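Q: predicted structure and sequence below. I'll ask about it afterward.
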Amino acid sequence: MAEPIVEVLGVYDADGGVRGELAYVVGHLLGRTECALCDVTHGGLRRKPAWDAMTADLPVPVRLAHRNELSAPEADAVEASGLPVVLGARADGSLTVLVPPLTLGGLGGSVEAFGDSLRAALDDEGVA
């Protein structure tokens with residue numbers, strides 16, 4: 001049996017830091033850059049209150065990271081899955097895809113739809 005999921009990791013298809021954030025905002029405004037996870041978590045430049053409320057009700061903590069802020073194992077998992085992605089970190093350090101890029105892309109930025117998708121994936125993993 002697989003080790004339990006102890007953390008959810010959402011990885012943005014964008015770089016962190018002032019330069020990365022600015023590049024994303026400008027690219028997004030020009031229609032050259034998009035990140036479905038960004039659309040779920042943020043409205044404009046601020047995080048959505050609905051996001052914070054949804055994650056507060058989950059049975060495991062949620063961490064968000066940019067693609068340039070990952071450990072080597074996380075980067076390997078992202079390379080295999082594509083971006084943006086939501087991974088589950090297991091107690092033994094292994095990672096599994098909970099919400100793949102195609103699913104994220106179909107959510108239309110909805111926190112509610114994301115929460116439903118993530119909860120279903122966590123249920124499938126036996127996380128209560």
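A: Yep, it's here.
Q: residues contacting stretch 58-68, please?
A: Identification of contacts with stretch 58-68 by C-beta atoms under 8 Å, 6 or more residues apart in numbering yields 5-17, 20, 37, 41, 55, 74-75, 78, 83, 118-119, 122, 127-128. C-betas here are computed from N, CA, C, even on glycine.
Q: rounded mean pLDDT for that stretch, please.
A: The predicted model gives stretch 58-68 an average pLDDT of 97.
Q: ok, now stretch 33-53?
A: Model confidence over stretch 33-53, given as mean pLDDT, is 90.
Q: how far is that stretch from where the chain is centred?
A: Relative to the mean C-alpha coordinate of its chain, stretch 33-53 is positioned 10 Å out (C-alpha atoms, centre = their mean, to the nearest Å).
Q: one more: stretch 97-105?
A: With C-alpha atoms, centre = their mean as the basis, stretch 97-105 stands 9 Å off its chain's centre.
Q: now do the strand ranked longest in the chain: which elements does it pack against?
A: In the chain, assigned by DSSP state E, the strand with the most residues is strand 5-12. In terms of contacts (3 or more C-beta pairs under 8 Å, 6 or more residues apart in numbering; DSSP states H and E), strand 5-12 is packed against helix 36-41, strand 62-66, helix 72-81, strand 85-90, strand 95-99, helix 111-124.
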